[in-house]
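Student: coordinates only, sequence not included:
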């Protein structure tokens, strides 16, 4: 259910800049002389009332209302249902007070939205909060040059690019040269739109980046001479055991003023929740489990005890687990060497490497699922093979 927008008779709605949340809003004409805010708050927990140069957002807990400028309307409408609009709580909406009116600290991004598919944007994604919108009704109306002329006529939004949205497909378009545009999926919108708005990247940067995506994919051709080696480059034998240290990139290390501080190392460990549930690997700080390997028909399989490392059978969220049998091709792990001599893991003939996402300071979730954002910007998990020396 959308928000109610009350329109006094002196306000011409056609002159108010549309926004994304209008799609699900209910516009109601009112007489400002008889409109009773308190009575309306008994019926609605929140609503807004338009005026010529600003609007007022009302919440049940704040019947006095919060005066906001139209630049921030979509952001306020997106958050009013679950955010206290008292000023001290508006930091995450990036609002600031100016002469008694709350306004966005950043200019909104202009969206041109294919109206029949506009519901695809109503997912409470922060990327779409700080926006203004223009809607078009047919595919034939999708004209980037025309949209660029409209964008240039506006002075209350980001000026160097705009977004064209049709369902789950997005384009970012250069306002000064509409032939420079880039299509991408909804999964990438947070980074692409955010970095363009902050001028941390250009549309051409993302176009060039896509040309090199194949370089980030694991090689599918198997190395017939593959040999597993330790971190010193010494080949391992099948009766050797080892631990797998998770390589920590330099900028991931916490700065610490104490030069004597020695951070604990990150290792691959095995999580065994219950006998009925398959074991999976995860990243652990300060401790790791012991692994081995077997070579069968020229293929190297990592092992844990008497089990073979393989893709977990849960296809909706594939992790790396273990099985008692030699894994079939669709669940087989492919071991790759990186340029620095560490190993990386992928699904056999897969399109992405395994990644370790540190959810807590001491727990890293290791997954091998295909995600566009990981393929483009993620850092594959690199593993350092630490041989366990045999004792006499």
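Tutor: Perfect, I can see it now. Source: prediction; values computed, not measured. Residues are numbered from 1 along each chain as shown.
Student: low pLDDT regions in this structure?
Tutor: Residue ranges of the chain with pLDDT under 70: 1, 85-93, 123-124, 249-264, 274, 276, 313-317, 392.
Student: all helices of it, in order?
Tutor: Using DSSP state H, the helices of the chain run over 37-43, 73-79, 144-152, 189-197, 203-211, 372-377.
Student: winner for burial among those helices?
Tutor: helix 73-79 (a mean of 25; mean count of other Cβ atoms under 10 Å). Yep, even glycine has a C-beta here, placed from its N, CA and C like the rest.
Student: return the distance of that helix from the chain's centre.
Tutor: 21 Å (Cα atoms, centre = their mean, to the nearest Å).
Student: using TSV, lay out the helices of the chain together with distance to residue 319.
Tutor: Converted to TSV, the helices of the chain look like this (distance: least, Cβ to Cβ, whole Å):
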stretch	distance to residue 319
helix 37-43	48
helix 73-79	34
helix 144-152	42
helix 189-197	24
helix 203-211	28
helix 372-377	14
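Student: which other residues reach stretch 235-249?
Tutor: Residues from elsewhere that reach stretch 235-249 (Cβ atoms under 8 Å, 6 or more residues apart in numbering): 227-231, 265-268, 283, 288-295, 342, 356, 364, 379, 381-388.
Student: identify whichever of the helices of the chain lies nearest to residue 170.
Tutor: Across the helices of the chain, residue 170 has its closest neighbour in helix 189-197 (5.7 Å, Cβ to Cβ).
Student: hang on, isn't residue 95 packed against residue 103?
Tutor: Yes. Applying Cβ atoms under 8 Å, one finds residue 95 in contact with residue 103, separated by 6.6 Å.
Student: quick check: neighbours shared by the two?
Tutor: Joint contacts of residue 95 and residue 103 (Cβ under 8 Å, 6+ apart) are 68, 72.
Student: between the helices of the chain, which one is nearest to residue 299?
Tutor: helix 372-377 (25.1 Å).
Student: packing partners of that closest one?
Tutor: Using 3 or more Cβ pairs under 8 Å, 6 or more residues apart in numbering; DSSP states H and E, no helix or strand is in contact with helix 372-377.
Student: can you do 10 Å?
Tutor: Here helix 372-377 touches strand 181-185, helix 189-197, helix 203-211, strand 355-360, going by 3 or more Cβ pairs under 10 Å, 6 or more residues apart in numbering; DSSP states H and E.
Student: switch these over to CSV; also include distance to residue 173.
Tutor: Output for the helices and strands packed on helix 372-377, formatted as CSV (distance: least, Cβ to Cβ, whole Å):
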stretch, distance to residue 173
strand 181-185, 4
helix 189-197, 10
helix 203-211, 8
strand 355-360, 32
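Student: which one of those lies nearest to residue 137?
Tutor: Closest among the helices and strands packed on helix 372-377, using Cβ to Cβ: strand 181-185, at 20.9 Å.
Student: now do the phi/psi pair for residue 45.
Tutor: For residue 45, the backbone dihedrals (degrees, to the nearest 10) come out as phi -70, psi -20.
Student: not counting sequence-adjacent ones, nearest residue to it?
Tutor: Nearest residue to residue 45 in three dimensions, chain neighbours excluded: residue 60, at 4.8 Å (Cβ to Cβ, 6 or more residues apart in numbering).
Student: mind listing what the one you found touches?
Tutor: Residue 60 makes contacts with 38, 41-42, 44-47, as judged by Cβ atoms under 10 Å, 6 or more residues apart in numbering.
Student: residue contacts, residue 353?
Tutor: 216-218, 334, 336, 338, 344-347, 368, 374-375, 378-382.
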